[in-house]
Structure formats: structure tokens, C-alpha cells
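In: no sequence on hand, only this structure:
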């Protein structure tokens, strides 16, 4: 090993660091942006006359549903307001299909399969695994799903129930799916089966921090390809206001929407209308939401620039990455199978990184190369130190 690298690693280790880069959480300065939520006096009635203190309105108060519809470009009648995370609503949709289905309950079928873009979102994989659904990885290209390989999977496999993906600032690669990519995806999936589900988890729909290409809304594209009854679209305020204290939204074509409503009717007595009213007072409309998110961007972008600067200092022989324009992650690919080793070296120094393989189903990264970095939670100085540890560990593992 290069002596200067060895010496640098020893110096870093002597600092006894305790830095956590594992989860894409907002920093405390971002959470401070929503502190007014804690002090709002919520009226007993919404502007539409709903008593927010009482039972009823399981789909959400009209004002909150209207905001969700505005954000997802969907009709209010096809939009509901859920609890704190889009993940919970997606879980309920999968459960509804498992128990009841649009035609045949999935529990009465064998060899259920779902297509999952990789590198992807570890919580999606865990969700599907709960139902024993086989996950079929399809690579991302930088502008969406590899359509040719997507079509190969459709041709080779029976009983694929759908695809779950993040079309804007994909977790962790930051991919922005182009309109052409989304159109081909919808067209191919609809041709495969009229029960093929398109689950679009727009967890980072609102989280641009640099200029980002325009996208036609998922709702409009699904409508264009007559795929609304096979399409469900989700987003949330988990990283807009407070983690665990925000709102989530779901929009779907009528059949799928009614199926989700049926499932929630067995699980949810009524929605948290007080919290919905609080958010409507704080974020009245789409314009207010985007103004609020521009403040997030001002705080988040400098952290990503610190990470970019550190990664750009590395030789291209070691690995590569694409600079995201939004979201919460950076996806780094090593040129050799050293991801596990890099993460172990970081941990030895006191910097925790998401375990290698997390971005693939069953932690099975076939190349042992993908590493997910989450820079938002740290302060600037801690982040600089963490990136120094990461780049040093990369160089050591590469030389080894």
C-alpha cells in the first residue's frame, strides 16, 4: 500500500470519529424550516366545514386532497391523503392486491414476480420480500429503465405483477426518467397484461436542488396510454416538513384507487385530519410547497457540492458516479469488486455507510461495486471529514 495513504488512514483513525452516512435524513437545519407547524393553532373546522377533531372523511379533508391532486397532477376524486410516508400507502396497495386483486387475489397465485430497477430503494425490496414476491432486477441507464432489458424480462417470465420505481431523482442514482422512457415502459407493461401494475413512488418529486429536466406528469402519461387503472402514484411530505409527521398522497385510476380505499377501510378508522389541517395552513398550495422546497435546496446543495468535490478528486480508474440534481443520495460505482471492503475500512475509522448490496434485492450486488452515500444529515465539517475517510478508503481498497 502507498505509504502516504497508510499514514493518512492512521491519522484519520486516531480521530475516533463517529459519523453516520447510512440514511438519507434531513439535517436539523432543514427541519427548522417547518418549526412554525409546531406553533399553529388549528381550527376545529376545515374551510370546507369538516370537523377535523372527529371521525369521518377517511380519504382526507377536501383541502388536503386538493393539494395532493395538484402535486400529482391527478383529479381530486382519484387522490387520497394518507399517513406519514408513501411507503405505507404502497404497502397497503400491495396488500390489497394480495388479498383481493383487481381480478384474482395474488395469494391464490404462484410465483409472483415484480420488476425492480437497480441500483434501487432497499425498502421497496424489503416490502416485496414480505409477500414472497420474486424480484427481477433491471438496470438503470441514467435516463430511466433499460427498456430493452425490461422487454426481455417480460418475454422470459410469467406472472410478473408490475414494476415499482422512483421516476424522479431515483434512489440512489438520481435518474430522471425521460418521457420517452416512461412511455415505452407504460406501453410494454400494458401489452404484457391488463393487470400489470405501475407503481410510481415519487418520494423525491419535490426535491430538486439544481436545474432538472422537465417531466410530463406520470398521471398524464398513464392517461395517454390508457393505463390509469393499472397505475398508482405516490408522494409524501416526509422530507418536506417532519419525518414521521408529514402527510402522504396517493393517486390511482378508479379500479386501483377503489381497491386501495377498500384495504384502508379495514385498517384506518379515520385519517389524521388535525395534521392535515395543520399542513394546509402551513403549505396552502403547490406554489407554497415549491417556495418551501427552494429553502431546502439552499441548505442541501452545498452538502452535495462538498461530496462532488471529494469524488471528483479521485482517479476515474477507481470508479464513477453521476451528479444528481435532486433527491438525497449519490450512487458511486467502483471499477473493481471492492464495495464491501471500502465500507469496512470506513467503519474501521468510524464512518458508517449503508451496507454494500443494500441497493439490490437480497443484498446481492453481483459486481460488489455500488455504494450509496447520503450527505444531507451531516453538518458541513463532519461531511468533509466523512468524504475524506471515504475517498481514502476507496484508494486503499483499489490498491489492495
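Out: Yep, that arrived. Please read these numbers as outputs of a predicted model, since none were measured by experiment.
In: other residues contacting stretch 4-17?
Out: With CB atoms under 8 Å, 6 or more residues apart in numbering as the test, stretch 4-17 has contacts from 345, 348-351, 385-386, 388-389, 392-393, 395-396, 399. C-beta here means a position set from N, CA and C on the backbone, and glycine is covered the same way.
In: show me how far stretch 336-356 is from its chain's centre.
Out: With CA atoms, centre = their mean, to the nearest Å as the basis, stretch 336-356 stands 23 Å off its chain's centre.
In: quick one: residues in contact with it.
Out: 9, 12-13, 15-23, 122, 334, 357, 363, 365, 367-374, 385-386, 389-390, 393-394, 396-398, 400.
In: buried only: go through these for me.
Out: 9, 12, 17, 19, 21-22, 122, 334, 357, 365, 368-374, 385-386, 389-390, 393-394, 396-398 (16 or more other CB atoms under 10 Å).
In: can you map out the strands along the stretch 201-350 of the chain?
Out: 231-236, 248-252, 319-321, 330-334 (DSSP state E, counting those that start in this stretch).
In: which one, of the ones you listed, ends up nearest to residue 54?
Out: strand 248-252 (21.6 Å; CB to CB).
In: so what does the closest one touch, helix or strand wise?
Out: On a contact count with 3 or more CB pairs under 8 Å, 6 or more residues apart in numbering; DSSP states H and E, strand 248-252 meets helix 62-72, strand 79-82, helix 86-99, strand 231-236, helix 254-267.
In: what's the mean pLDDT across it?
Out: Averaged across strand 248-252, pLDDT comes to 98.
In: partners of it in the sheet?
Out: Note on strand 248-252: by DSSP bridges, its sheet partners are strand 79-82 (antiparallel), strand 231-236 (antiparallel).
In: what about the stretch 201-350 of the chain, any weak spots by pLDDT?
Out: Scanning the stretch 201-350 of the chain for pLDDT under 70 picks out no residues.
In: can you do 90?
Out: 269 (pLDDT under 90).
In: wait, is residue 116 part of a strand?
Out: Yes - judged by DSSP: H, G, I helix; E, B strand; the rest coil, residue 116 forms part of a strand.
In: tell me the contacts of it?
Out: With CB under 8 Å, 6+ apart, residue 116 has these contacts: 124-125, 128, 135-138, 163-165, 361.
In: in helices, which of the residues you listed appear?
Out: Within those, residues falling in helices by DSSP state H are 124-125, 128.
In: out of these, who has the most neighbours?
Out: When neighbours are counted by other CB atoms under 10 Å, residue 125 leads the ones in helices among the contacts of residue 116 with 24 neighbours.
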